[in-house]
Each structure stands twice: as structure tokens, then as C-alpha cells.
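> return atomic coordinates for the entry below.
(one chain, ligands or ions: 1)
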Amino acid sequence: MLINNDTIIKDTDERIRLVSEDVPLPLSAEDEALLRDMFQYVIDSTDEEKAERLNLRPAVGISAIQVGVPKKMTAIVVDDQDKNGDPVRYEFMLVNPKIVSSSIQKAYLSAGEGCLSVAEDHEGHVVRSARVKVRAYDLLRDQNIEIKAAGYLAIVLQHELDHFKGTLFYDHIDPKDPFKEVPGAIEI
Ligand code: CO
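Below you'll find the model as predicted:
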């Protein structure tokens, strides 16, 4: 599937609010091809030359509903730092990911969140769990995996899995007090 900034559906399209369904495993050839195309989108989107040439908006993740397919599949590529401050890249092609536990402690990105399906800026704190444990089938590794995520990766996972419920990041922003302080929350 051709995925670019013109084919990605925006929040002006009511399909973005659809609830996504579980995907049968093993993957059909069609589902596998779509997930690989989504992953390639994310990889290519952070390459300046390709992004320009192919009309890609930079992203760390994309979910299938964003190309109009209401199935629980998401591709994620997150560059972060490990505990020692060394660069680390997290890459996943997840099918039927499920959050199995969440920390009580909250976290949010100080710069706020963005989304390929949201054209405008929506400023404010998107308060999420600081840590999540996710179970999924990962096409990249061809096995079931458990991800223990903290920090930026935990935020990205929650953002992408929200798409399966038709939830967008700005739904979490309090319109009356967008920068409301949350006691004990980690600012990332
Ligand atoms: Co999004």
C-alpha cells in the first residue's frame, strides 16, 4: 500500500474513530504486507531526503487505522537512550498488542504529542502511565514478545494503542487547563 502524507487519514475523516479488531494469526499475506509497509513508512520518514521526495511526515509510529484499516497492527521505531545514556533504537511490528499492566505513576512529554492524523498543533500535557508492560506478536522477530517500556517508548506505545480505540492524543488534554500539573508525574 502506498503510504504517504496524502493517503494517511486525518482526524477530519470519521474512520479515525473506528475501533480496530484483532488480527488472525498467522498473518495473512495481505496483513503482513500492510504491516511491513507501515514499518517502512516509519523508517523512511526519518530520512530527510526520502521524506522530502516521498511526501512523508516524520513519525515514530503508525497504526493501521491511519491508513483506513481497522486492525490491531502498529509499527514503531523509537530512538532513545538507555540507562547509561547510550543511544538505543526500539523497533517493533506489533500485532494485537495489549497493555497487561500500567504503572500508577504518570508521565508526559514536555513538548506535547503530535500525530500523523492530526494536522494542527494541540498544546497541552498528554498524561499517560510512566511504565507499561505490553504483550504482542512481533512480526519483526516472528515471535510473541513482552515489552517492558518506560520513558518515551512507553508514551509512544500508549499513543499507538489508543488508535485501536479511536482515541487521539488531544482527547487526553484538559481543554480548561491544558498544562495542569499532575503530582508525581515524570516530565520527559
Ligand atoms: Co497517532
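
> which single strand of the chain contains the most residues?
strand 87-102 (DSSP state E).

> distance check, the spatially closest residue to residue 98 that is not a sequence neighbour against residue 10.
Nearest residue to residue 98, sequence neighbours excluded (C-beta to C-beta, 6 or more residues apart in numbering): residue 135, at 5.5 Å. The C-beta positions use only the backbone N, C-alpha and C, and glycine is treated the same way. Distance of residue 135 to residue 10, computed by C-beta to C-beta, to the nearest Å: 30 Å.

> quick check: what element follows the longest strand of the chain along the chain?
Moving toward the C-terminus from strand 87-102, the next helix or strand (DSSP states H and E) is strand 106-108.

> and the residue nearest the centre of the chain, what's its pLDDT?
Residue closest to the mean C-alpha point of the chain, counted by C-alpha atoms, centre = their mean, is residue 160 at 2.9 Å. Here the pLDDT value assigned to residue 160 is 98.

> may I see the buried residues of the helix or strand containing residue 51?
Residue 51 belongs to helix 48-54 when assigned by DSSP H and E. Going by neighbour count (16 or more other C-beta atoms under 10 Å), the buried part of helix 48-54 is residue 51.

> tell me what the next helix-or-strand element following that helix is packed against?
Sequence-wise, the next helix or strand downstream of helix 48-54 (DSSP H and E) is strand 61-63. Counting contacts by 3 or more C-beta pairs under 8 Å, 6 or more residues apart in numbering; DSSP states H and E, strand 61-63 is packed against helix 29-45, strand 73-81, helix 151-163.

> give me the phi and psi for residue 15.
Here is the backbone geometry of residue 15 (degrees, to the nearest 10): phi -60, psi -20.

> that older thread, hmm, residue 64 and the residue nearest to the centre of the chain touching each other?
No - using C-beta atoms under 8 Å, residue 160 makes no contact with residue 64, being 10.1 Å away.

> so what sits against both of these two?
Common contacts of residue 160 and residue 64 (C-beta atoms under 8 Å, 6 or more residues apart in numbering): residue 74.

> can you list the strands that the longest strand of the chain pairs with?
strand 73-81 (antiparallel), strand 131-138 (antiparallel) (DSSP bridges).

> any chance of the ones you listed in JSON lines, plus mean pLDDT?
Formatted as JSON lines, those follow (pLDDT from 0 to 100):
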{"stretch": "strand 73-81", "mean pLDDT": "97"}
{"stretch": "strand 131-138", "mean pLDDT": "98"}
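
> coming back round to it: give the bridge partners for the residue nearest to residue 98, please.
Taking DSSP bridges as the rule, residue 135 bridges to residue 98, residue 146.

> how close does it sit to residue 22?
Residue 135 sits 13 Å away from residue 22, going by C-beta to C-beta.

> between the two, who's got more neighbours?
For residue 135 versus residue 22, neighbours defined as other C-beta atoms under 10 Å are more numerous around residue 135 (15 against 11).

> now do the same contact list for that one.
Here residue 135 is in contact with 97-98, 100, 144-147 (criterion: C-beta under 8 Å, 6+ apart).
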